[in-house]
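[1] Let's see this in three dimensions:
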Amino acid sequence: MERESDLRRKYRKSTGVLSFVADQLLGIPRHIRLLLLLQFLMSLSTFTAMPLMAVHMADNLSLAAGVIGTVFTIHLALGRALPVITGPVVDRFGFRNLMVLGLLGRAAGFILFTMAAGASGAISATLLIGLGTAAYESAVYGVFGRQPDETVTRVFILNNFALNLGVVVGPALGTIFVFHDTLLPFRAAALFFVVLGIWSARFGFLDEKYTSRSPIVGSWGSVLTDLRFLWFLATTLPWWFLFAQLFVAFPLYANQITGLESSANAVFLTNGVSGLIFVAVSLFAFNWIKSREMMILCHALLFAVYCLAPASETIHWLLAVVFVYTIAESLILPSVETITAELAPDGQQATYFGALGLAWGIGAAIGSYTGSWLVLEIRSPPLIWGLYASVAALGLVLGIAFKRTEKPLRLRPFVLPGVAGDESSARARE
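    Numbering: from 1, shown residues only. From the prediction side, this is the model:
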């Protein structure tokens, strides 16, 4: 305990975001820290290539808006909806094998994408990437969801930090690679995933640590009869619609404004850097505001920024919109994941996150088609941003209704290390 106190005093002397995050990691188990590192490397690998997918398909493969929407819909539908199957498999059989298969599947998908010459090749590659995403994330979030109530929110916030750090580093690498060869970012991503797949074989000890298991049919039945959770999933659909625009509409819109493929990376760099900045804010915000209330406030913020977005059509203004969007993203994602973990019975966490992924896939699929159609075909900023503002308003209304009708969740006070109440939290962990 003395060593931990010394470390805390040391980190408090620094105002840097990384040091602040290191302070929050002190109360997190070592295997969770390793998984957070894996999440950063996975995000880095993904975003070395992902920001350039829509632009590559539009400019180099000359694919229509409908085909691009289909590609991203398949990716989201498999990556987010298939955990309805892979989640119960994880809850029944364990974590390590699906983690390895998922990472290697994504490697194969990116390799195939470099060979694509048209719609069929791009769609086939996306199938593999989506399957890999489903398997890997079911395993990782199944572990995260099993963390104690007093630390689970902090784990998801730090997970969001790790993912955003990858969003910063990955596009920077992609920008360097694309100047040498337009396909090099996708080849690099494939190589990264091969290495991560081999490394993740070491996580077999997770299957021995978390021994609670649930039958597959029983896990599905639990979700289908949990009316509170089903109502919560419905409230998340507007957010997933808006979240999809980060991958489709925003990079395409940036490319239209500047005429440069690299401008798509600027969107993701802005998103990643903003996410890193607001990780400290989010850690403190959840100490005072409950997750359900946070979702309401963030949808109100999104409504306001989308109403203002048509004021200008410059790349700097778009990046300012992305910056504000990221504030909401940094707070909504941990809120959604925390509520899911709190509602899930022990041993069924991966299944509940799989059901969340299904809602994610449905909302994002609609958003992917709509976003690509609006930007590539309609090209009317007032209509584009007006629709996004309307969806944010719908999310605001559903969030208020959910807060008023839902029974109180079994949430414990979330207290940061080093602030009032930390000693009681430490005793609770012991």
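
[2] Report the buried residues of stretch 31-43.
    32, 35-36, 38-43 (16 or more other Cβ atoms under 10 Å). Using the backbone N, CA and C atoms, a C-beta is placed for each residue, glycine as well.

[3] For Tyr388, give me its contacts.
    Going by Cβ atoms under 8 Å, 6 or more residues apart in numbering, Tyr388 touches 242, 245, 302, 306, 309.

[4] so where do the helices sit in the stretch 51-200 of the chain?
    For the stretch 51-200 of the chain, helices defined by DSSP state H, counting those that start in this stretch occupy the ranges 53-59, 65-76, 83-93, 96-115, 119-144, 149-180, 184-199.

[5] Correction: the previous question concerned the stretch 201-350 of the chain.
    Secondary structure of the stretch 201-350 of the chain (DSSP H, counting those that start in this stretch): helices located at 205-209, 216-224, 227-244, 249-258, 262-285, 291-308, 315-343, 349-373.

[6] re the thing from before, closest to Gly218 among the contacts of Tyr388?
    Closest approach between these and Gly218, by Cβ to Cβ: Leu242, at 34.0 Å.

[7] For that closest one, the count of nearby residues, please.
    Neighbours of Leu242 under the rule other Cβ atoms under 10 Å: 26.

[8] Distance check, it against Phe193.
    Distance from Leu242 to Phe193, counting by Cβ to Cβ, to the nearest Å: 28 Å.

[9] Also Phe229?
    Phe229 is 32 Å from Phe193, where distance means Cβ to Cβ.

[10] So between the two, which is more surrounded?
    Shown here are Phe229 and Phe193; by other Cβ under 10 Å, Phe193 has more neighbours (27 against 19).

[11] How about the contacts made by the residue nearest to Val140 when sequence neighbours are not counted?
    With sequence-adjacent residues excluded and distances taken as Cβ to Cβ, 6 or more residues apart in numbering, Val140 is closest to Leu35, at 6.0 Å. By Cβ under 8 Å, 6+ apart, the residues touching Leu35 are 140, 143-144, 203.

[12] Enumerate every residue touching Leu331.
    Counting by Cβ under 8 Å, 6+ apart, Leu331 touches 278, 282, 285, 294, 297-298.

[13] Same question for Glu137.
    By Cβ under 8 Å, 6+ apart, the contact list for Glu137 reads 79, 83, 102, 353, 357.

[14] before we move on, back to that, between the helices of the stretch 201-350 of the chain, which gets nearest to Ala189?
    Ala189 sits nearest to helix 262-285 of all the helices of the stretch 201-350 of the chain, at 13.6 Å, using Cβ to Cβ.
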